[in-house]
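Visitor: Build me a model:
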Amino acid sequence: MLMTSDAHRQEGAPAGEGVESPAPEELTVGRAAALVGVSVKTLHHWDAIGLVRPSGRTWAGHRVYSGDDVARMHRVLVYRELGFPLAEIGRILDDPDADARDHLRRQRAQLVERISRLRKMVDAVDRMLEASGRGMRLTPEEQVEIFGDDWQPAWIEEAEERWGDSAQWAQYAERAAGMTPRDWKDVKAATDALHADLAAARRAGVTPGSDEANALAERHRALLSRYFDCTHSMQVCIGRRYVGEPGFADYYDALAPGLTVWLRDVIFANAEAHGVDPESAIWE
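Guide: Next up, the predicted model:
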């Protein structure tokens, strides 16, 4: 254990006898670790793998680091912050033929790309935060007046709990915030007209994949796109949900017997005509 001269005198021994202190320009592992901001364990690991080895040892075997050793530690930290693996850092620092500037240029390009991705993620989060304070500005009474006596305002909260973390919900919230009661009445009228035409087409035996059926599928997708950007693949996923969830099936089948499955088939056929495989379609 290293001791100062004063401490050694307090133990009754002459100054400088039986103890060796690091030279003024040398640092113990603890002091070196504190100086560069890493743990002693980290310096031990770097020593073990040959990344930063102490230039000397005390007579008792304690590591001591020189100013050059500390400078190397700082270089290691810079490269590590840039994302270089420790093994590659060692090669860069020890290989006289290694082009450190070339490594840094390549890493800089990767960092710029990462920064761009992170900025886009921050922008998306900001939009979702902004949208979370928005949404339908209709009072519960206005909702019932526009959407009918069967409408339940609590459905909006249930939908947000289910899809509130999605980009599509953020789009819906942003668009809904700008819609007036007159806009919602127009949406309701368009929805009623589409449902009436779907029921009539089902009763008339319109075949999925026909021009008439495809036109209805596109009207259906356009109506969904008033809330969020709905692709053909996403529309297929919604068609599956219509059939798989009783609430949807009960609603559509009440408009016309078998309408739920027929509408799903219409959506699938139209998506296939636009190059989307209904079997493998995913939510985008």
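Visitor: Let me know the pLDDT of D95.
Guide: On pLDDT, D95 comes in at 81.
Visitor: how near is it to R119?
Guide: 35 Å (CB to CB, to the nearest Å). Quick note: C-beta positions are derived from backbone N, CA and C, even for glycine.
Visitor: my guess is L104 meets L82, correct?
Guide: Yes: counting by CB atoms under 8 Å, L104 does reach L82; the two are 7.3 Å apart.
Visitor: Name the residues of stretch 213-233 that are buried.
Guide: 213-214, 216-217, 220-221, 223-224, 226-228, 230-233 (16 or more other CB atoms under 10 Å).
Visitor: Distance-wise, check the residue nearest to L27 when sequence neighbours are not counted relative to R80.
Guide: Excluding its sequence neighbours, the residue lying closest to L27 (CB to CB, 6 or more residues apart in numbering) is Y65, at 4.7 Å. To R80, Y65 is 18 Å away according to CB to CB.
Visitor: Neighbour count: these two, which is higher?
Guide: Under the neighbour definition other CB atoms under 10 Å, Y65 and R80 were set side by side, and Y65 has more, 27 against 14.
Visitor: Can you pull the phi and psi angles for the more buried one?
Guide: Reported as degrees, to the nearest 10, the phi and psi values for Y65 are phi -110, psi 140.
Visitor: Tell me where the model's unsure across the stretch 151-284 of the chain.
Guide: Filtered on pLDDT under 70, the stretch 151-284 of the chain yields the residue ranges 152-155.
Visitor: Okay, helices next: where are they in it?
Guide: Per DSSP state H, counting those that start in this stretch, the stretch 151-284 of the chain carries helices over the ranges 154-163, 167-177, 181-203, 211-224, 232-244, 246-255, 259-273.
Visitor: hey, which of the ones you listed is tucked in deepest?
Guide: Among those, helix 259-273 has the highest mean neighbour count (mean count of other CB atoms under 10 Å), at a mean of 22.
Visitor: CA atoms only for that one, dumped as CSV, please.
Guide: Taking C-alpha atoms only, helix 259-273 is exported to CSV below (Å, rounded to 0.1, in the frame of the first residue of the first chain):
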residue,chain,number,x,y,z
LEU,A,259,-71.6,-7.9,-46.1
THR,A,260,-68.6,-8.2,-43.8
VAL,A,261,-67.0,-11.1,-45.6
TRP,A,262,-68.0,-9.7,-49.0
LEU,A,263,-66.3,-6.3,-48.1
ARG,A,264,-63.2,-8.1,-47.0
ASP,A,265,-63.1,-10.0,-50.3
VAL,A,266,-63.6,-6.7,-52.2
ILE,A,267,-60.8,-5.1,-50.4
PHE,A,268,-58.5,-8.1,-51.0
ALA,A,269,-59.2,-8.3,-54.7
ASN,A,270,-58.7,-4.5,-55.2
ALA,A,271,-55.4,-4.7,-53.2
GLU,A,272,-54.2,-7.6,-55.4
ALA,A,273,-55.0,-5.5,-58.5
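Visitor: what's the angle from that helix to helix 232-244?
Guide: Per axes from the mean of the first three to the mean of the last three CA atoms, to 10 degrees, the angle that helix 259-273 makes with helix 232-244 is 160 degrees.
Visitor: Look up how far H232 lies from the closest residue to R264 other than its chain neighbours.
Guide: Leaving out its chain neighbours, the residue that sits closest to R264 by CB to CB, 6+ apart is G239, at 4.1 Å. Separation of G239 from H232 (CB to CB): 10 Å.
Visitor: my guess is the residue nearest to L27 meets G30, correct?
Guide: No: applying CB under 8 Å as the test, Y65 and G30 come out as separate, 10.4 Å apart.
Visitor: circling back to that earlier point, and V112, which of the helices of the stretch 151-284 of the chain is closest to it?
Guide: For V112, the closest of the helices of the stretch 151-284 of the chain is helix 167-177, at 24.7 Å, according to CB to CB.
Visitor: helices or strands next to the closest one in the packing?
Guide: helix 100-132, helix 154-163 (3 or more CB pairs under 8 Å, 6 or more residues apart in numbering; DSSP states H and E).
Visitor: Now tabulate those in TSV and tack on distance to D250.
Guide: Shown next, in TSV, are these (distance: least, CB to CB, whole Å):
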stretch	distance to D250
helix 100-132	31
helix 154-163	15
